[in-house]
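Enquirer: sequence first, then the predicted structure, then my questions.
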Amino acid sequence: MGLSAIERKKNVEGAFWAEANLITGISILLIDDVATTGSTLTAAASALVEAGASKVYAITLARALSHHGLDIV
């Protein structure tokens with residue numbers, strides 16, 4: 001909380017990894033409670049795809065509003 005969109009992106013870079021032997025060739029659904037900039041979902045999905053997931057889907061329950069200074073970058 002309190003991070004800019006650029007700071008949020010940097011904050012999650014390299015934060016996620018996945019074991020290829022557990023996910024290669026499968027589809028995965030990521031669930032996030034609140035999407036602010038999408039940085040967390042993007043970083044997590046990237047790690048899953050790099051490890052061999054065939055498809056990655058994402059769903060969020062709420063979206064932060066841009067008037068709070070959390071625009072997507």
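Expert: Alright, I've got the coordinates.

Enquirer: any idea which helix is longest in the protein?
Expert: In the chain, with assignment by DSSP state H, the single longest helix is helix 39-50.

Enquirer: who does it touch, helix- and strand-wise?
Expert: Applying 3 or more C-beta pairs under 8 Å, 6 or more residues apart in numbering; DSSP states H and E, one finds that helix 39-50 makes contact with helix 5-12, strand 27-35, strand 55-63. Just so you know, the C-beta spots here come from the backbone N, C-alpha and C atoms, and that holds for glycine as well.

Enquirer: ranking those by mean pLDDT, which is last?
Expert: Between the helices and strands packed on helix 39-50, the one with the least mean pLDDT is helix 5-12; it has a mean of 75.

Enquirer: buried set for the next helix or strand after that helix?
Expert: Proceeding N to C from helix 5-12, the next assigned helix or strand is helix 20-23, under DSSP states H and E. Residues Ile23 are the ones in helix 20-23 that count as buried (16 or more other C-beta atoms under 10 Å).

Enquirer: what's the model's confidence in helix 20-23, averaged?
Expert: Mean predicted confidence for helix 20-23 is 94.
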